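[1] below is the sequence, then the predicted model.
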Amino acid sequence: MNLEAMFEGNDKEFLKFDRIEKPLHHRPDICAFLMLDSILPPEVKDRDMVSGARHDVIYLDVDCEALAKVITDEQVRDLSRCGVLYDCDTDSLSMFV
């Protein structure tokens, strides 16, 4: 799967957290972290979720190649609803703070 295209296809759902049917947490950022933790295979989940920050953006320490192999379009949609973005410049996931 092309993760960038999946996120672009769900850009109209960005920050529509109230549309998630059964969020894993009532806070969008924590919900996104929990979703990613549940989606990723165990061998790529041994680090902190936030890998860095710049200005008003945090970067998530997620192996996008591994994620693209297992994530569904519905999961991408819900991550977008939580405020997660795909950053093509860094090939990473990010969120505004």
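    All right, it came through fine. Because the structure is a prediction, the values reported are computed rather than measured.
[2] quick check: which ranges of the protein have low pLDDT?
    Within the chain, the stretches with pLDDT under 70 are 1, 43-46.
[3] next secondary structure after the helix ranked longest in the chain?
    Criterion DSSP state H: the longest helix present in the chain is helix 28-39. Downstream of helix 28-39, the first helix or strand assigned by DSSP states H and E is strand 50-54.
[4] contacts for whatever helix or strand comes next after that next one?
    For strand 50-54, the following helix or strand on the C-terminal side (DSSP H and E) is strand 57-60. Strand 57-60 is contacted from outside by 36, 49-53, 84, 87, 90, 92-97, using Cβ atoms under 8 Å, 6 or more residues apart in numbering. C-beta coordinates here come from the backbone N, C-alpha and C atoms, glycine included.
[5] ok, back up a step: what does the longest helix of the chain contact?
    15, 17, 20, 23-25, 45, 49, 60, 62, 67, 70-71, 75, 78-79, 81-84, 93, 95.
[6] tilt between that helix and strand 50-54?
    Per axes from the mean of the first three to the mean of the last three Cα atoms, to 10 degrees, the angle that helix 28-39 makes with strand 50-54 is 140 degrees.
[7] helix 28-39: how far from the chain's middle?
    Relative to the chain's own centre, helix 28-39 is displaced by 7 Å; criterion: Cα atoms, centre = their mean, to the nearest Å.
[8] just the CA atoms of the helix or strand where residue 77 lies, as PDB, please.
    Taking DSSP H and E as the criterion, residue 77 maps to helix 73-82. Listed next in PDB are the C-alpha coordinates belonging to helix 73-82 (Å, rounded to 0.1, in the frame of the first residue of the first chain):
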ATOM      1  CA  ASP A  73      -8.000   2.400   4.800                       C
ATOM      2  CA  GLU A  74     -10.400   2.600   7.700                       C
ATOM      3  CA  GLN A  75      -7.500   2.800  10.200                       C
ATOM      4  CA  VAL A  76      -5.800   5.500   8.100                       C
ATOM      5  CA  ARG A  77      -9.200   7.400   8.100                       C
ATOM      6  CA  ASP A  78      -9.400   7.200  11.900                       C
ATOM      7  CA  LEU A  79      -5.800   8.300  12.400                       C
ATOM      8  CA  SER A  80      -6.500  11.300  10.200                       C
ATOM      9  CA  ARG A  81      -9.500  12.000  12.300                       C
ATOM     10  CA  CYS A  82      -7.200  12.000  15.300                       C
END
